[in-house]
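S.K.: How does the following fold in three dimensions:
(chains A and B)
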Amino acid sequence: MAPYSSVISPQGCSSSSSSSCAGNKPSEIDGLLAGAGYKVRSQDLRQVAQRLERLETVMVNAPDEFSQLATEAVHYNPSDIASWVDSMLSEFHNQPEFSDPTNYINPVVVPPLQADTWSNENVQHCQLLHPQQQQQLTVVATIEEDSGIRLVHLLMGCAESVQRGDASFAGSLIEEMQSLLTRVNTVSGIGKVAGYFIDALSRRLFSPQNACAGSSVENEILYHHFYEACPYLKFAHFTANQAILEAFDGHDCVHVIDFNLMHGLQWPALIQALALRPGGPPFLRLTGIGPPSPDGRDSLREIGLKLAELAWSVNVRFAFRGVAASRLDDVKPWMLQVNPREAVAVNSIMQLHRLLGSDPTRGSPIDTVLSWIKSLNPKIVTVVEQESNHNQPLFVDRFTEALFYYSTMFDSLEACTLQPEKSVAEMYIQKEICNVVCCEGLSRVERHEPLVKWTERLNGAGFSSLHLGSNAFKQASMLLTLFSAEGYCVEEKDGCLTLGWHSRPLISASAWQTSALPDVGCLPLATIENTIL
Amino acid sequence: MSRAGPREKKKKHNIQFCINDHPDILIEILQRLDDRSLSVAACVCRLWCSISRNDSLWESLCFSHVSPPPSNVRPVVLALGGYRRLYMVCLRPVLTRLSRPSLELDRVGGVWSRNEVQLSLSLFSVDYYERLGGRLGEASSLMFLCKPVNVS
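M.R.: Below is the predicted model:
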């Protein structure tokens, strides 16, 4: 218990600005159960577990006493499990001690509950059901929740042994987890997430060369389904578009540089908004950066043609240019052909974190890219990144953070009813998990960092924050209400917007401009690069 | 001769008025219907169908709630697929979902603001874009707005 409870801090406290903090001291209260809504001290865990088992056997074997319990007794708030269990047990002061706690693990013919990852409904609903039904359900529920928590503990232990280099112990833990998985509902909740993490860990141990990178076509398909299944990418696109639209106000020649074109789904809305802006549309140039496509097919150009068709139909003068590069730091500013008279917007949706891996031969890719962005003198730089810290030096820290982050993300995905979009979206997320857990060095590209770190980094590179206006916030809120799930929340902090699930922010959107500091080398550099061409 | 006296008198009093003979009046009436009634009207007969599917009828439906009404939106909407499609695919779902009582958006008494219009148009443009090329297959990013039964 001790090793991990100091590492994990209750996620709800640290990140978002408007969510309330529970005010618990992290070292005393078990962090995992705190995430589920239960307050239990770490040192009490074993005792509470034993008492729950006792309560269980008592309930199973004394149905008539229990029905009296259901009607007359007063029960305390179950979030404080220790005292709740004690109060329940004290009602049965005449019960004999059961020395064999395995009595209740008889196979019960009840369909497994749809246990939400951190749901506390199972234990709380004791007093509401028919006694017999209730016995069966509490048995299953206790097993489920017990196994879920046990899985998490085992995952932590396995991660630690991987970090230590103890491959044999890690391997045995993986086997144990895989057998435990068979007893847990893997369709949703903790079982499903744990399954992916177990798979990633075993890949890391046994076949690290089997890299997680897929072909660009595969990645595009996964990305597209992720776009449809949940609102994160839509939120990113619409928020960035709103900021870009406002920054382009009053300019007649505008140039947007997209760091990852994919299917270009972000741009129809911007083109339409520019077409309708008071004063008429500007001349829009779009430069889309993307990986080179196999088979000699020019996918960037195809997307450009589609966008051009849309722009033509709404009477917006449009020009497209595609830049094929497998890594962003391969792109040189002269390839973008920026005209000094046009207003430039740089748009990066979940691309900057891929540059954080350091390489002795290439210097620091992130600094290279940030400096050439600055040299373009953009009117606005829109940055959308995952709100999590998956770039910590220690493997265990990354693993823990990823476990919480992706559990929350899978939870939010449960609300999606579109198939096959949902399953393919899960594959998209699984790829990310694989990269965070299995890969190291340059191949680990999913190096997510939270907004505070990006703020520091961008401030250090000569950018200052541009506040996203209230229009962006309103639009984001409206967009979320269109999704049937009620758990999404948009928050504003220091002019940046974050979208999260149940007060855990998952994705952040921010806008930046070059700061007003006189940087003598900046403007001349831009004009020099243009004349070289 | 004079035998058809009483019948002739009856005929003169029973002049049938058929609305289908007066499409201008029909248009005036249909213009004032709400979305569901208009869609049901399209099922009556071919004439009603062709009139009901006329885009200009849907134009007033689309932006009657908006204050102030958006100007110069028409060429864009027509280019992206027309008012009827805009209403069925984007506006109606947005309207129904945004009118849930739990929301605190600044809408005064059922009147929309520019933000809702803008959002609907953005979604509409994405829909048009996806219909452009067949490369994306059957996937449509606006499916999250669709309900299984659609009256159209």
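S.K.: Give the full set of residues in contact with B:Arg131.
M.R.: B:Gly81 (CB atoms under 8 Å, 6 or more residues apart in numbering or on different chains). Where you see a C-beta, it was placed from the backbone N, CA and C, and this is true even at glycine.
S.K.: Buried residues in the longest helix along chain B, which are they?
M.R.: Across chain B, the longest stretch assigned as helix under DSSP state H is helix B:114-132. For helix B:114-132, the neighbour count (16 or more other CB atoms under 10 Å in any protein chain shown) marks B:115-130 as buried.
S.K.: now the helices for the stretch 151-300 of chain A?
M.R.: A:167-181, A:190-206, A:216-229, A:232-247, A:267-275, A:299-313 (DSSP state H, counting those that start in this stretch).
S.K.: got the contact list for the second one?
M.R.: Residues external to helix A:190-206 that are found in contact with it (CB under 8 Å, 6+ apart): A:115, A:117-118, A:148, A:151-152, A:155, A:158-159, A:162, A:167, A:170-171, A:174, A:177-178, A:181, A:184-186, A:210, A:212, A:399, A:402-403, A:406-407, A:410, A:429-430, A:433-434, A:436-438.
S.K.: Let me see the mean pLDDT of stretch A:182-201.
M.R.: For stretch A:182-201, mean pLDDT is 83.
S.K.: mind showing which ranges of the chain have poor pLDDT?
M.R.: Using chain A. For chain A, residues meeting the criterion pLDDT under 70 lie at A:1-28, A:60-79, A:91-145, A:208-213, A:484-485, A:516-533.
S.K.: hmm, I had chain B in mind actually
M.R.: For chain B, the stretches with pLDDT under 70 are B:1-14, B:67-68, B:99-112, B:134-152.
S.K.: Can you get me a residue count around A:Ala273?
M.R.: Neighbourhood size, A:Ala273 [other CB atoms under 10 Å in any protein chain shown]: 21.
S.K.: Is it in contact with B:Val117, as I believe?
M.R.: No: applying CB atoms under 8 Å, one finds A:Ala273 not in contact with B:Val117, separated by 11.0 Å.
S.K.: Show me which residues of chain A sit near chain B.
M.R.: Counting by CB under 8 Å from any CB of the partner chain, the positions of chain A adjacent to chain B are A:224-225, A:227-228, A:234, A:238, A:241, A:263-265, A:268-269, A:271-273, A:275-276, A:302, A:306-307, A:309-310, A:313-315, A:418, A:421, A:471, A:474-475, A:477-479, A:481-484.
S.K.: Please spell out the ChimeraX selection for the buried subset of those residues.
M.R.: Of the residues of chain A next to chain B, the buried ones go into a single ChimeraX selection, burial set by 16+ other CB under 10 Å:
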select /A:224,225,227,228,234,238,241,263,264,265,268,269,271,272,273,275,276,302,306,307,310,313,314,418,421,471,474,475,477,478,479,481,482,483
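S.K.: Distance check, A:Pro450 against A:Pro505.
M.R.: 9 Å (CB to CB, to the nearest Å).
S.K.: Ignore what I typed, I meant B:Leu95.
M.R.: Counting by CB to CB, the separation of B:Leu95 from A:Pro505 is 29 Å.
S.K.: residues in contact with the residue nearest to A:Gly495 when sequence neighbours are not counted?
M.R.: Nearest residue to A:Gly495, sequence neighbours excluded (CB to CB, 6 or more residues apart in numbering or on different chains): A:His467, at 3.1 Å. By CB under 8 Å, 6+ apart, the residues touching A:His467 are A:Asp494, A:Gly495, A:Ala511.
S.K.: Check the secondary structure at A:Glu385 for me.
M.R.: Three-state call for A:Glu385 (DSSP: H, G, I helix; E, B strand; the rest coil): strand.
S.K.: who are the neighbours in contact with it?
M.R.: A:Met350, A:Leu352, A:His353, A:His448, A:Glu449, A:Leu451, A:Trp454, A:Ile507, A:Ser508.
S.K.: Hmm, the fifth one is touching A:Val383, no?
M.R.: This points to A:Glu449. No: A:Glu449 is not in contact with A:Val383 according to CB under 8 Å; the separation is 11.2 Å.
S.K.: beta partners for A:Phe320?
M.R.: With DSSP bridges as the criterion, A:Phe320 is bridged to A:Leu286.
S.K.: Surely it and A:Lys306 touch.
M.R.: No: with contacts counted by CB under 8 Å, A:Phe320 stays clear of A:Lys306, the gap being 9.5 Å.
S.K.: sorry, back to before: specify which member of the contacts of A:Glu385 is nearest to B:Ser56.
M.R.: Of all these, B:Ser56 sits closest to A:Ile507, with 41.4 Å by CB to CB.
S.K.: Please confirm that that closest one is located within a helix.
M.R.: No: counting by three-state DSSP, A:Ile507 is not found in a helix; it is strand.
S.K.: From A:Asp367, how far out is it?
M.R.: Going from A:Ile507 to A:Asp367 by CB to CB gives 24 Å.
S.K.: again with A:Trp501
M.R.: 33 Å.
S.K.: ok, these two, which is more surrounded?
M.R.: It is A:Trp501, of A:Trp501 and A:Asp367, that has more neighbours when counted by other CB under 10 Å, with 22 against 15.
S.K.: and the closest residue to the more buried one other than its chain neighbours, what does it touch?
M.R.: Leaving aside its sequence neighbours, A:Trp501 sits nearest to A:Ser412 (CB to CB, 6+ apart; 3.9 Å). With contact set as CB under 8 Å, 6+ apart, A:Ser412 has these partners: A:Cys230, A:Ala485, A:Gly487, A:Tyr488, A:Trp501, A:Leu506.
S.K.: Measure how buried the last one is and give me the count.
M.R.: A count of nearby residues for A:Leu506, using other CB under 10 Å, gives 21.
S.K.: Using PDB, write down the CA coordinates of the strand or helix carrying A:Val346.
M.R.: Secondary structure from DSSP states H and E places A:Val346 in strand A:343-349. Output in PDB follows, covering the C-alpha atoms of strand A:343-349 (Å, rounded to 0.1, in the frame of the first residue of the first chain):
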ATOM      1  CA  ALA A 343      -1.800  37.600 -41.400                       C
ATOM      2  CA  VAL A 344      -0.500  34.200 -40.300                       C
ATOM      3  CA  ALA A 345      -2.200  31.700 -38.000                       C
ATOM      4  CA  VAL A 346      -0.400  28.600 -36.900                       C
ATOM      5  CA  ASN A 347      -2.600  25.800 -35.700                       C
ATOM      6  CA  SER A 348      -1.300  22.900 -33.800                       C
ATOM      7  CA  ILE A 349      -3.800  20.200 -32.600                       C
END
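S.K.: What are the contacting residues of it?
M.R.: For strand A:343-349, contacts defined as CB under 8 Å, 6+ apart pick out A:233, A:236-237, A:240, A:244, A:247-248, A:251, A:253-260, A:266, A:338, A:373, A:376-384.
S.K.: quick one on the thing from earlier: higher neighbour count, A:Glu449 and A:Val383?
M.R.: Just comparing A:Glu449 and A:Val383: by other CB under 10 Å the higher neighbour count belongs to A:Val383, 26 against 20.
S.K.: how near is the more buried one to A:Asp494?
M.R.: In terms of CB to CB, A:Val383 sits 14 Å off from A:Asp494.
S.K.: Please enumerate the helices of chain B.
M.R.: B:5-13, B:23-30, B:35-41, B:46-52, B:55-63, B:74-80, B:83-85, B:92-98, B:114-132.
S.K.: The fifth one: which residues count as buried?
M.R.: Spelled out, that is helix B:55-63. B:Asp55, B:Leu57, B:Trp58, B:Glu59, B:Leu61, B:Cys62, B:Phe63.
S.K.: Isn't the fifth one up against B:Asp34?
M.R.: What it means is B:Leu61. Yes: counting by CB under 8 Å, B:Leu61 does reach B:Asp34; the two are 7.5 Å apart.
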